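Undergrad: The sequence isn't on hand, but the structure is:
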């Protein structure tokens, strides 16, 4: 009887141990070059990272961290050495993850992760994505240098190359998401950014990708904060499209609508200016002549703004940071928008823009009175009222 009791006691202890481990995940990391150095553990909270712990690596560069779950939903955990992210992990209850790396992380040659299929997928994609970003950033640096030198021809060529690189990155992201539609590794893919400020899925219509991924992941993880955020993003983009549709369905509208973000990330609609004289101007910051035309246009605007003149300026560049800086530096007082898609922007397609600059003069009754008059804009603007 006593022997039976001991067997039951051992079994209960073992079961308790299994139960405990199934509510945690363990990450064991060996980091060459981090001996006796601090390693920071962070967790993703939808749109920001929070620090969970700072751990001193042992004399061999080994670090061990156990995460306790409050529910059964996966979490995104990151390892940092200084400001460098060494590894990204999608952890689930019961995981025991082993990672070998050095202080260069993905940039090194020794990175290897085991024990988590989701983390392996994420690692493979992030390595490929790092190469894409490196190529894009190299082109962007050349583009910025060309702008600084006022080399419009080179800047224009590089802009097309940047556009092609962006399209390729988006195509790869779409392929990955549909191939891994039930994987949490698709979440950082769909929120990916290029050059720091250009979302891969920048178009409001891309909300359908967020909805498709939400529908797949919510079957098993309906309460996950990451999954719920996908639905929120889809709904936000649908609201933008619905707003655009309401404006475009106004019967009196006689010109295609545009709804794009300004330098404060607020969406501005061209059709919201309907009933007023409008100058619709497509431009690029790469051409010094177009910057000079802005000053000419500003003088005319100051003269007629009190009479109701509106200017809606669309930048067809891909570097939104450089565009925003130019708008602020030139102190342009009217609506300035840019989606970072360059000549591939839906706005450019709506008006069949094949080159910049292009300018449309739209009368208060909605009729387009003139196009591409740059010598004497005031002469045309007078006829719009």
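TA: Sure thing, it's come through. Since the model is a prediction, treat every value here as computed from it, not as a measurement.

Undergrad: Kindly report the domain assignment for the protein.
TA: 17-114, 125-247, 259-384 (automatic domain parsing).

Undergrad: Make TSV from those and add mean neighbour count and mean pLDDT to it.
TA: For glycine as for every other residue, the C-beta is placed from the backbone atoms N, C-alpha and C. Output for these, formatted as TSV (neighbours: other CB atoms under 10 Å; pLDDT from 0 to 100):
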stretch	mean neighbour count	mean pLDDT
domain 17-114	16	90
domain 125-247	17	86
domain 259-384	18	90
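
Undergrad: Am I right that residue 336 is in a strand?
TA: Yes. Residue 336 forms part of a strand when assessed by DSSP: H, G, I helix; E, B strand; the rest coil.

Undergrad: Please enumerate the helices of the stretch 1-150 of the chain.
TA: Listed in chain order, the helices of the stretch 1-150 of the chain (DSSP state H, counting those that start in this stretch) span 2-21, 117-148.

Undergrad: Check the gap between residue 230 and residue 174 for me.
TA: 15 Å (CB to CB, to the nearest Å).

Undergrad: Actually, residue 335.
TA: 31 Å.

Undergrad: Residue 208 too?
TA: On the measure of CB to CB, residue 208 and residue 174 end up 11 Å apart.

Undergrad: Could you do residue 268 as well?
TA: Taking CB to CB, one finds residue 268 at 28 Å from residue 174.

Undergrad: now residue 381
TA: Distance from residue 381 to residue 174, by CB to CB: 43 Å.

Undergrad: try residue 150
TA: 37 Å.

Undergrad: same check, this time on residue 67
TA: 32 Å.

Undergrad: those strands in the stretch 51-200 of the chain, which residues are they?
TA: Counting by DSSP state E, counting those that start in this stretch, the stretch 51-200 of the chain has strands at residues 62-68, 75-81, 84-91, 96-102, 112-114, 193-194, 198-199.

Undergrad: now those in JSON lines, with distance to residue 45?
TA: Formatted as JSON lines, the strands of the stretch 51-200 of the chain follow (distance: least, CB to CB, whole Å):
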{"stretch": "strand 62-68", "distance to residue 45": "14"}
{"stretch": "strand 75-81", "distance to residue 45": "9"}
{"stretch": "strand 84-91", "distance to residue 45": "15"}
{"stretch": "strand 96-102", "distance to residue 45": "20"}
{"stretch": "strand 112-114", "distance to residue 45": "22"}
{"stretch": "strand 193-194", "distance to residue 45": "18"}
{"stretch": "strand 198-199", "distance to residue 45": "19"}
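
Undergrad: residues in contact with the host helix or strand of residue 233?
TA: Secondary structure assigned from DSSP states H and E places residue 233 in helix 225-248. The contact list for helix 225-248 (CB atoms under 8 Å, 6 or more residues apart in numbering) reads 44-47, 73-74, 76, 184, 187, 190, 204-208, 210-211, 213-214, 217-218, 221, 253, 256-257, 259, 267, 269, 271-272.
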